[in-house]
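Peer 1: task: produce atomic coordinates for the following.
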Amino acid sequence: MSAGGLLVAALLVGVGGGLGSVVRWGIRVLGLRLIAAGGWDRWSEETRPGTTVLANILACFLLGIVVARLGSAGGNVELVYLMLAVGFCGGLSTLSTAASDIVELVRRPTFSLALAYLLLSAGTGMAALWLGLVLAS
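Peer 2: From the prediction side, this is the model:
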């Protein structure tokens, strides 16, 4: 890839990552608002990790579709792949937020919940990736 091509690829990854991050933030805000609207204010802090899991599952599912459809493409399609797979799905998923949620759960007397959250996140993420691959193939 030429220097100009690398610059275009970097810009597309940045645009995709920004959009994915905004969607992740929107999932969190919407999830917490729905909880508050339901009169479950006291649950908002406990269910915050649930919005992270949802974003990660969605990102893995979409990544499966993108990989199945565009994974080995070249040329301009490769740029679309980079924007969607590396950028958007990378911005939508968040290992760092999941790790932060696990630390918060461990700090409370809920170690078993933290372990369940970790296993649920990894397991459902891989299952969603596989489902995306299968459905897009």
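Peer 1: residues contacting the nearest residue to Met126 once chain neighbours are set aside?
Peer 2: In this structure, Met126 finds its nearest non-sequential neighbour in Cys60, 7.1 Å apart by Cβ to Cβ, 6 or more residues apart in numbering. The C-beta positions use only the backbone N, C-alpha and C, and glycine is treated the same way. Taking Cβ atoms under 8 Å, 6 or more residues apart in numbering, we find Cys60 in contact with 89, 93, 124-126, 128-129, 132.
Peer 1: please name the residues that touch the residue found closest to Ser93 once you drop the neighbours it is linked to in the chain.
Peer 2: Closest residue to Ser93 apart from its sequence neighbours, by Cβ to Cβ, 6+ apart: Ala59 at 3.5 Å. Neighbouring residues of Ala59 by Cβ under 8 Å, 6+ apart: 20, 24, 89-90, 92-93, 125.
Peer 1: dump the residues you listed to TSV, plus neighbour count and secondary structure.
Peer 2: Converted to TSV, the contacts of Ala59 look like this (neighbours: other Cβ atoms under 10 Å; DSSP: H, G, I helix; E, B strand; the rest coil):
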residue	neighbour count	secondary structure
Gly20	25	helix
Arg24	22	helix
Cys89	26	helix
Gly90	19	helix
Leu92	24	helix
Ser93	23	coil
Gly125	21	helix
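Peer 1: follow-up on the earlier one: which element is the residue nearest to Ser93 on?
Peer 2: Using DSSP states H and E, Ala59 sits in helix 44-70.
Peer 1: what's the following helix or strand after that helix?
Peer 2: Following helix 44-70 in sequence, per DSSP H and E, is helix 76-81.
Peer 1: burial of Glu78, as a residue count?
Peer 2: Glu78: 16 surrounding residues under other Cβ atoms under 10 Å.
Peer 1: need the contact list for it.
Peer 2: Glu78 neighbours (Cβ under 8 Å, 6+ apart): Leu70.
Peer 1: separation between it and Leu12?
Peer 2: Here Glu78 is placed at a distance of 10 Å from Leu12 (Cβ to Cβ, to the nearest Å).
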